[in-house]
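> based on what follows, work out the 3D shape:
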Amino acid sequence: MKLKVVIDRKMCKGCGICVVLCPKKILKIDEEGKASVTERQECIGCRQCEFHCPDFAILMGDDDGQL
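Residues are numbered from 1 along each chain as shown. Got it, this is the predicted structure:
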């Protein structure tokens with residue numbers, strides 16, 4: 001099972017820590033000021049975004065986005 005980034009947009013404050021730490025640069029801050037995934041298939045599942053999110057807005061889920 002390959003893990004995918006799942007972002008809780010209600011919890012995300014758009015701090016950008018995940019964007020800076022992502023080694024594949026697949027995260028960005030969108031027009032609403034929230035983190036979003038640009039190239040989901042490029043995610044390597046390193047979990048840096050999940051481990052460093054100060055608001056616990058990012059979790060890793062399975063291919064269907066289930067946690």
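> which parts of this structure are strands?
With strands called from DSSP state E, the chain shows them at 4-7, 27-29, 35-37, 58-61.
> in JSON lines: these, plus mean pLDDT and mean neighbour count.
Bear in mind the C-beta positions are built from the backbone N, C-alpha and C, glycine included. As requested, these are exported to JSON lines (pLDDT from 0 to 100; neighbours: other Cβ atoms under 10 Å):
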{"stretch": "strand 4-7", "mean pLDDT": "92", "mean neighbour count": "19"}
{"stretch": "strand 27-29", "mean pLDDT": "98", "mean neighbour count": "18"}
{"stretch": "strand 35-37", "mean pLDDT": "97", "mean neighbour count": "22"}
{"stretch": "strand 58-61", "mean pLDDT": "92", "mean neighbour count": "18"}
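> do you know which of the ones you listed lies nearest Lys13?
For the strands of the chain, proximity to Lys13 was assessed by Cβ to Cβ; strand 35-37 is nearest, at 9.2 Å.
> residue contacts, Ile29?
Shown in contact with Ile29 (Cβ atoms under 8 Å, 6 or more residues apart in numbering): 14, 16, 19, 35-36.
> farthest-separated two in those?
Taking every pair in the contacts of Ile29 and measuring Cβ to Cβ, the maximum separation is 11.7 Å, between Gly16 and Ser36.
> before we move on, back to that, now render the strands of the chain as a markdown table, adding distance to Ile44.
As requested, those are arranged in a markdown table below (distance: least, Cβ to Cβ, whole Å):
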| stretch | distance to Ile44 |
| --- | --- |
| strand 4-7 | 10 |
| strand 27-29 | 12 |
| strand 35-37 | 13 |
| strand 58-61 | 11 |
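> neighbours around Lys13, how many?
Lys13 is flanked by 12 other residues according to other Cβ atoms under 10 Å.
> whoops, I mixed them up, Ile26
19.
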